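Trainee: Following is a predicted model, sequence given first.
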Amino acid sequence: MSTYSEDKRKVTTHRLWEMKERGEKITMLTAYDYSMAKIIDQAGIDAILVGDSASNTMVGNATTLPMTIDQMIYHAKSVVNATTRALVMVDMPFGTCSGNPIKSLESAIRIMQETGADALKIEGGKEIKEDVKKIIDAGIPVMSHLGLMPQSINKYGTYTVRAKEEKEAQKLIDDCLLMEELGCFAITLEKIPATLATEITQKVKIPIIGIGAGGGVDGQVLVIHDMMGINKDFSPKFLRRYADLFSIMTEATQHYIKDVKEKNFPNSSESY
Ligand code: KIV
């Protein structure tokens, strides 16, 4: 167990606020399946995001848009089954929270009931404020996701850094303040200038978790396939690779192929 997580109590939204208050950085990774979630939970990660990036990492789609509620529920249930300590949150997939609060709440309740997750993450600002309010008012914790919002890729047309211009930066600040006011327990800020992310982190009381938002935020999140080096096709500037599992797994696979072909596996002690 990591020295930072000797406290084995379940991580809650309240504990994330306490971390912000005492200046302890919050750690978060994505996971989409039981085995991976078990590793990172036991390693001491604070929060696990069942991201709709499953669309890219698990299915091989170019965008996150094809993910359905049923697919998110399948992945989230697998992660919840493996997790004892980390706070587990689930992405509301594209189209499930977009201007119809009653329908959004129904989808949110379904995800919470069928997965046993602790919270939801929702992409979008003031345009979906009624949806976010309805879900929070029903007692469901929500993390807002602002800055680069991959579900809106067809609107942006590019995955480049957001909020570099004054007007977009001001809208982002306003959206963060609004999300805090609505009762979101945290905000993810993706791919925005570090100075802006730091300014927002100081302006709001709730934790800001960054991905490509610099070191001045309250915590960091990365996609597990990227940081573990399972997916080597994606190399944005903000990504640090902590392992090269692609090479390790390739070598292991080649070793296995060789052993079977050369009749070295199984041997007598591996047989009944
Ligand atoms: O779906 C996802 O993995 C995410 C992270 C990039 C924050 O939203």
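Mentor: Nice, I can see it.
Trainee: For the residue of the chain found nearest the ligand, give me the pLDDT.
Mentor: With CB to the nearest ligand atom as the measure, residue 51 is the residue of the chain nearest to the ligand, at 2.4 Å. Glycine gets a C-beta too; all of them are placed from N, C-alpha and C. Turning to residue 51, the model gives it a pLDDT of 98.
Trainee: burial of it, as a residue count?
Mentor: Using other CB atoms under 10 Å, the number of residues around residue 51 comes to 30.
Trainee: Excluding residues flanking it in the chain, which one is nearest it?
Mentor: residue 30 (4.4 Å; CB to CB, 6 or more residues apart in numbering).
Trainee: do residue 27 as well
Mentor: Per CB to CB, 6+ apart, closest to residue 27 is residue 46, 4.8 Å.
Trainee: Could you say whether the most centrally placed residue in the chain sits in a helix, a strand or coil?
Mentor: For the chain, the residue nearest the mean C-alpha position is residue 49 (3.4 Å; CA atoms, centre = their mean). Secondary structure, DSSP: H, G, I helix; E, B strand; the rest coil: residue 49 is strand.
Trainee: Looks like it contacts residue 32 (just checking).
Mentor: No: look at residue 49 against residue 32 with CB atoms under 8 Å: they stay out of range, at 9.6 Å.
Trainee: can you dump the C-alpha coordinates of stretch 120-129 into PDB?
Mentor: Provided in PDB are the C-alpha atoms of stretch 120-129 (Å, rounded to 0.1, in the frame of the first residue of the first chain):
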ATOM      1  CA  LEU A 120     -21.300  10.900 -11.500                       C
ATOM      2  CA  LYS A 121     -19.200  13.100 -13.800                       C
ATOM      3  CA  ILE A 122     -21.000  15.400 -16.200                       C
ATOM      4  CA  GLU A 123     -19.500  17.400 -19.100                       C
ATOM      5  CA  GLY A 124     -21.000  20.800 -19.700                       C
ATOM      6  CA  GLY A 125     -21.500  24.300 -18.200                       C
ATOM      7  CA  LYS A 126     -24.400  26.700 -17.800                       C
ATOM      8  CA  GLU A 127     -26.200  25.200 -20.800                       C
ATOM      9  CA  ILE A 128     -27.100  22.100 -18.700                       C
ATOM     10  CA  LYS A 129     -27.400  23.800 -15.300                       C
END
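Trainee: This completes my enquiry, with thanks.
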